[in-house]
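# I'd like to go over a predicted model; first the sequence, then the structure.
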Amino acid sequence: MVDEALAQTSNTLFLTAFGAYVLAFVAAFARLALTSVSREHGIAETRRAAQAGFVVAALTGAGLLAHVASIATRGFASGRPPWMNMYEYSSAMALVAVGAGVAIVWRRREYRNLLGFVLAAAVLMMGSALLLYVEAAPVQPALDSWWRLVHVTMISFSSSVLMVGFAIAALYLVKETAERRVAERSGRFGAGSVGAAQLPPELVDETRAVEGLVGDTAVAASSEASLASPLEQRRALSPTPFVAAPAVAAFALALVLGTPLLQALGYALALGVLGLATWWAVPFLPAAAQLDRLAFGINAFAYPLFTLAVIMGAMWAEVAWGRYWGWDPKETSSFVTWVLYAGYFHARATAGWRGRRAAWLNVIAYASLLVTYYVVNLFVVGLHSYAGVN
Amino acid sequence: MTETIPRESPPEGERRGPRLPQILGPWETLVLLWRRLRRMSTALLLLFTLAVASLIATFIPQEPVIPTTVAQWRTGAAGPGETISQVFDALDLYDVFGSTWFAVLTGLLFTSLTGCLIPRFRAFARVVRRPPGPGRNFDRLTHRVILPSALPPEAALDALTPVLRRYRTRRLGPEQTGSGHPQLAVERGHWREGGSLLFHVAFYVLLLGVIVAEGFGFTGQVNLVEGAPFTDTRVAYDLAEPGRWFGLEDHAGTRLELVDFDVQYFDDLTPKLYRSRVRLLDDSGTAEPTDITVNHPLTADGLKVYQMRFGMAPRIMVRSGETVILDEQVMFSEEQGGIWRGTAKVATGEPQMVLDMVFLPDARLQRDSTGEEQIMNGGPRPENPVLFADLWVGELGLERPLPARDFTRSGGELVNTVMVREGETVPLAGQELDLQLSFPQLTMWSGFQISHAPGRWLLVLASVLLLAGLVPSLYSYRRRIWAEARLVGEGSEVVLAGVALQRKQEFAGEFARLAGRTADRLTVQEEDR
Ligand code: HEM
């Protein structure tokens, strides 16, 4: 039933893709390092940086190809769609995330400095996939349903897009802090690149009429603050929390999950390096207002899909268990995620919540998605607990 | 004539009026509360509370979902201990979604929603009904181009109409604009607010659907052995969960029969496919059996029958002399290691007798780690079905209406243990009892969930409305554009100006493209003349 040789090929291709992404990540930061930054010229791509850019593109492309092939061969090996257990979702989600990152950069070149971060997120996802590895196998009867296929496919797809949205929101928080501090230092209060719109007076009224109840939409003026001196933004932030917070969090999490000490230290080191890289890359990030909009665009794309996926899940539950919604832990927890994202959209339309607070809500909402995915899937008993890893 | 845009006062909650008097009458309090509830920040707070409540319900076991775990938490056998458990109980945390405070929260959310929606609907209706108004003071708009054209003003505006066809357009004569020049006033993006309203309205439909489904619905569970009939009445269910307004008389009395059940396994012995063949018993009694499998329920008379569990049901016979005192397909339940356990009441009079049985579908002798031979179970397929039966006799508490497995061991005595294979008969107890045990046949039992689910179409409708509203509300955005044509010599000068009410950053590009197309169009029309 399961073609062992193909399954083995799939694993090899997975590791190939993983390696290619790691290298592409390194190359992406090398590209940033080769980019010249100066007070006079701002950020300018040098010839060598452009060459590094080619390397990033080639490695990412190769990784994507290997990754697609890995998922396809796994599907052929087990004779069913290859995103049916946690190892497989994680792999598929990483693929979609990289795909989404590439699509964004493809459409808007000004976002290309972000690719390294998307790759990092995908690498972390694939790392977790390795921890959750299970052999290729066919599915149990309850899970063999068209609804489930649609439900799982859409949930995985939208979650991976939301992962990119989360990464951008987190970068927004970093960049916004940097911009704000630089502005405060230079004596301009409340600068930052998120400001009020300039509307002609006769339209201000109508805008109010419609949106006063709705709240104004977050608007960005052009980002003068970020052009002042890119490097000053790095100086405005201390690297310590960037290294310490992710490292400690990863270490603690790994220990809680019963990972051996040395391995846990390895994860802590990897995340610490990622944090440091983030700190270092602050000047290269697009302006905070741009990141805020990008994150919103991504979330707005994924949220209706996520909503539809939850509805599909209810349809499937109706067919499989005779009830559309039973507040099973998994259902409850995806409901939490859904409500938190609704909160995020509301926050963007609420005075006093736009910007930072909305971004924090985005971070919390995504965290709850991760909780659904890891904690509830693996540790809380419910009808959905098949997804497990045993 | 100029059209003035009516001024809308800011939302009530945000108006900074004079200080409120110290003591509020009940009416004022109500008004104040209502205004509070209508605020966006209140909605946000309520949504956040909803999220926290659900988060609690994710991690504290919920009684309607897993009652056994909740029972363990209550006794302190699992979970955080008895004291904390009492606190949980006091706060209804074992049944968050059935609790009063959750109902209050839902009520507040919907009140707040209503409070938000009424003024939004009004404002929306006003904005949508009003045709696009004339523009003034174009030089104050950031997005503005002036395009010279050889066409006279009215012809130039005629030429532009197709370029703006994706917009809602209104042609204004020179007397209608403040400037004395004809204009084309256009706008788009009302779907943004319209979609958002639709999305929020969908929640009322959703609520209604849930109320109908929960209040007038019924779910029950029943386990049937092969060959057993079933009639849809309240007593027939092992477990019944009627909705509040679903009475005893609402059961349709549908009759069906489990003809047989079969299961296939993967090589790793996990179930691959299981299937119940069920016959609907109508008065003619001739209906063909239908298959029920997981994901493929049977629908009959407004009832849906779902395949849930299954298990082994060895048919057991006990004879005393020549009299059959027990002939039952006993439903066994699976325990660890693929071993099945079941209990049967043999006699409830004097003396009381119970058979406490263990069943191995595929019994094998295997050496364990110490080298001793042990009887183990090879797998779920009935390759070598063997039954071990303990006969208990004495005061077993069978007079109480409890399932057989809850008999009181302490009051009785384990008289004998026997082993019997499928098709065999063995002596069970001698002397005055004179009992024989037979295991004529292995049958199966199948567990069903049966539900009556009204109002599903409301839920589907709500889902459709939710999505139909959500997508445009996130993707469309308001734009207003004006084209004013001023007479210059023989030809004209077309001022194209625009304003974005949302997604302003993207507007520069959009406007540039629009201006490009406008210029092209004007040129083409000039050449055509
Ligand atoms: C029943 C709970 C609610 C949920 C799940 C919910 C969800 C959402 C979602 C997902 C959005 C973003 C999509 C869109 O623009 O349509 C949204 C927008 C909005 N909601 Fe709600 N909402 C709820 C209740 C409320 C309440 C009580 C209010 C009033 C205070 C409200 C006011 C708004 C407004 C004004 C917007 C538009 C924001 C914008 O234009 O971006 N909502 N809501």
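Arrived safely. Numbers count the residues shown, from 1 in each chain, chains lettered A, B, ... in the order given.
# wait, what's in contact with the residue in the stretch 401-529 of chain B that the ligand sits nearest to?
Taking Cβ to the nearest ligand atom as the measure, the stretch 401-529 of chain B has B:Ser473 as its residue closest to the ligand, at 3.4 Å. Where C-beta positions appear, they are placed from N, C-alpha and C, glycine not excepted. Neighbour list for B:Ser473: B:191-196, B:198-199 [criterion: Cβ atoms under 8 Å, 6 or more residues apart in numbering or on different chains].
# same question, B:Val420
Counting by Cβ under 8 Å, 6+ apart, B:Val420 makes contact with B:386-387, B:389, B:426, B:437-439.
# Next step: those restricted to strands.
B:386-387, B:389, B:426, B:437-439 (DSSP state E).
# Buried among the residues you listed? Need that as a selection in PyMOL.
Per 16 or more other Cβ atoms under 10 Å in any protein chain shown, the buried members of these correspond to this PyMOL selection:
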select buried, chain B and resi 386+387+389+426+437+438+439
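# pLDDT and distance to chain A for the contacts of B:Val420 - can I get that in a markdown table?
A markdown table is the format used below for these (pLDDT from 0 to 100; distance: Cβ to the nearest Cβ, whole Å):
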| residue | pLDDT | distance to chain A |
| --- | --- | --- |
| B:Val386 | 94 | 27 |
| B:Leu387 | 94 | 28 |
| B:Ala389 | 94 | 32 |
| B:Val426 | 92 | 37 |
| B:Leu437 | 94 | 35 |
| B:Ser438 | 94 | 34 |
| B:Phe439 | 95 | 29 |
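# how about the residues of the stretch 201-350 of chain B near chain A?
Residues of the stretch 201-350 of chain B found near chain A (Cβ under 8 Å from any Cβ of the partner chain) are B:213, B:219, B:266-268, B:270-274, B:293-297, B:304, B:306, B:308.
# Would you mind listing the buried residues in the helix ranked longest in chain B?
As assigned by DSSP state H, the longest helix anywhere in chain B is helix B:100-129. By 16+ other Cβ under 10 Å, the buried positions in helix B:100-129 come out as B:102, B:105-106, B:108-109, B:111-113, B:115-117, B:120, B:123-124, B:127.
# same deal with stretch B:162-169?
For stretch B:162-169, a neighbour-count test (16+ other Cβ under 10 Å) marks B:163-164, B:167, B:169 as buried.
# ok, the closest residue to the ligand within the stretch 201-350 of chain B to A:Leu6 distance?
Of all residues in the stretch 201-350 of chain B, B:Phe203 sits closest to the ligand, with a separation of 4.8 Å (Cβ to the nearest ligand atom). Remark: distance between B:Phe203 and A:Leu6 (Cβ to Cβ, to the nearest Å) = 48 Å.
# host element of A:Glu318?
According to DSSP states H and E, A:Glu318 maps onto helix A:288-321.
# is any part of that helix close to the ligand?
No - in terms of Cβ under 6 Å from any ligand atom, no part of helix A:288-321 sits within range of the ligand; the closest distance is 6.7 Å.
# can you tell me which of the buried residues of stretch B:162-169 are in helices?
Per DSSP H, these never map to helices.
# Okay, and which of these map to strands?
Using DSSP E, these in strands are B:Thr169.
# okay if I get the contacts of B:Val420 as CSV plus distance to the ligand?
Converted to CSV, those look like this (distance: Cβ to the nearest ligand atom, whole Å):
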residue, distance to the ligand
B:Val386, 57
B:Leu387, 56
B:Ala389, 58
B:Val426, 65
B:Leu437, 62
B:Ser438, 62
B:Phe439, 58
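# Nearest to B:Ala51, out of those residues: which one, please.
Nearest to B:Ala51 among those: B:Leu387, at 52.5 Å, using Cβ to Cβ.
# Please name the residues that touch that closest one.
Here B:Leu387 is in contact with B:314, B:316, B:357-360, B:419-422, B:439 (criterion: Cβ under 8 Å, 6+ apart).
# Now with 6 Å, please.
B:314, B:357, B:359, B:420, B:439 (Cβ atoms under 6 Å, 6 or more residues apart in numbering or on different chains).
# cool, B:Phe439 as well?
So B:Phe439 contacts B:314, B:387, B:420, B:422 (Cβ under 6 Å, 6+ apart).
# Which residue is the nearest non-sequential neighbour of it?
What sits nearest to B:Phe439 in space, not counting adjacent residues and going by Cβ to Cβ, 6 or more residues apart in numbering or on different chains, is B:Val420, at 4.7 Å.
# That neighbour: what secondary structure?
Reducing the assignment at B:Val420 to three states with DSSP: H, G, I helix; E, B strand; the rest coil gives strand.
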